[in-house]
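J.: got a structure for you, letters missing:
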Ligand SMILES: NC(=O)c1ccc[n+]([C@@H]2O[C@H](COP(=O)([O-])OP(=O)(O)OC[C@H]3O[C@@H](n4cnc5c(N)ncnc54)[C@H](O)[C@@H]3O)[C@@H](O)[C@H]2O)c1
């Protein structure tokens, strides 16, 4: 018996990284999973890995920068798998070329990040909630970031998108809680995914080790560690939790700016 037996789950950006970690955990808990992702290569690979384990998954190609995609993706998921019980809005981009202050950020980059990281979450929720209502229950998990709570230099659209995801989560939860549709968020810290490793120019393992030194637990996180929390939030074990976010960051947000390495030693 798994936590998600007989459930259909859709994960945006589920072909790689955190999304793939979420797909793997939901699948191991019994869900049939729809992976909606721009990368056909990685989407098909992820599906075949799940099928090899004797479980069911499908891949739907989607570019979430385009606002016409969410409705089509939900329709394809329901047509092919019969329903949607769980939605994980995970897709997100933070291109290294976008690291600029507000004056230097182009409107095109702003729109691309906001459309993918925020607007797709709104539209995917909008079109999946009618099916959840029909089921009499549902769960949505939005992947935000610790950057929705604190910030860093040169990330205006990313920071704005992640703060807005937390606010949207809180707001939507109030509109749908009476219908037993729970909506929560996760704020990951630094996780070992292509988003992080593609931004490393030198040795990846050495750089990840270095990043880990700044994190109280002493290492970066793995996608599965976000998957486990997403799976919990979507399960009946979290039946009284809605409008909440969980920080999953190896302790980084617990640490005050004054707690330098020097003082900690
Ligand atoms: N990795 C981290 O350290 C970290 C930390 C905090 C929050 N997050 C958030 O977690 C989520 C996942 O991040 P990740 O690190 O796994 O990213 P990633 O870049 O490693 O993987 C993203 C996945 O989304 C897909 N994708 C990218 N653009 C797309 C588009 N336009 N349409 C459809 N699919 C698209 C990619 O093909 C890939 O499968 C994002 O929302 C990100 O902001 C990541």
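T.: Alright, I've got the coordinates. This structure is a prediction, so every number in the text was calculated from the model and none was measured.
J.: tell me, how many residues neighbour residue 165?
T.: When counting by other CB atoms under 10 Å, one arrives at 25 neighbours for residue 165. Quick note: C-beta positions are derived from backbone N, CA and C, even for glycine.
J.: does it touch residue 147 like I think?
T.: No - in this structure, residue 165 is not within contact of residue 147 by CB atoms under 8 Å, at 10.2 Å.
J.: for the stretch 151-265 of the chain, what lies in contact range of the ligand?
T.: 188, 190-191, 193-196 (CB under 6 Å from any ligand atom).
J.: buried ones among those?
T.: The neighbour count (16 or more other CB atoms under 10 Å) marks 188, 190-191, 193, 195-196 as buried among those.
J.: which ones are touching the closest residue to residue 42 other than its chain neighbours?
T.: For residue 42, ignoring the flanking residues on the chain, the nearest one in space by CB to CB, 6 or more residues apart in numbering is residue 15 at 3.7 Å. Neighbouring residues of residue 15 by CB atoms under 8 Å, 6 or more residues apart in numbering: 35, 37, 39, 42-43, 45-46, 59.
J.: could you save those residues as a markdown table and add columns showing distance to residue 208?
T.: Compiled in a markdown table, the contacts of residue 15 are given as follows (distance: CB to CB, whole Å):
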| residue | distance to residue 208 |
| --- | --- |
| 35 | 25 |
| 37 | 24 |
| 39 | 22 |
| 42 | 20 |
| 43 | 25 |
| 45 | 22 |
| 46 | 22 |
| 59 | 28 |
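J.: ok, of those residues, which come out buried?
T.: 35, 37, 39, 42-43, 46, 59.
J.: need the buried ones among the residues of the stretch 151-265 of the chain next to the ligand in JSON lines (columns: pLDDT, distance to residue 19 and secondary structure).
T.: Formatted as JSON lines, these follow (pLDDT from 0 to 100; distance: CB to CB, whole Å; DSSP: H, G, I helix; E, B strand; the rest coil):
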{"residue": "188", "pLDDT": "98", "distance to residue 19": "11", "secondary structure": "strand"}
{"residue": "190", "pLDDT": "98", "distance to residue 19": "16", "secondary structure": "coil"}
{"residue": "191", "pLDDT": "98", "distance to residue 19": "11", "secondary structure": "strand"}
{"residue": "193", "pLDDT": "98", "distance to residue 19": "9", "secondary structure": "coil"}
{"residue": "195", "pLDDT": "97", "distance to residue 19": "10", "secondary structure": "helix"}
{"residue": "196", "pLDDT": "97", "distance to residue 19": "14", "secondary structure": "helix"}
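J.: so which of those is the closest to residue 108?
T.: For these, the closest approach to residue 108 (CB to CB) belongs to residue 195, at 19.8 Å.
J.: so the closest one touches residue 94, yeah?
T.: Yes - using CB under 8 Å, residue 195 makes contact with residue 94 at a distance of 6.2 Å.
J.: ok, back up a step: what would the contacts of residue 15 look like in a markdown table with distance to residue 78, pLDDT and secondary structure?
T.: Formatted as a markdown table, the contacts of residue 15 follow (distance: CB to CB, whole Å; pLDDT from 0 to 100; DSSP: H, G, I helix; E, B strand; the rest coil):
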| residue | distance to residue 78 | pLDDT | secondary structure |
| --- | --- | --- | --- |
| 35 | 15 | 99 | strand |
| 37 | 18 | 99 | strand |
| 39 | 23 | 98 | coil |
| 42 | 23 | 98 | helix |
| 43 | 18 | 99 | helix |
| 45 | 24 | 98 | helix |
| 46 | 20 | 98 | helix |
| 59 | 15 | 99 | strand |
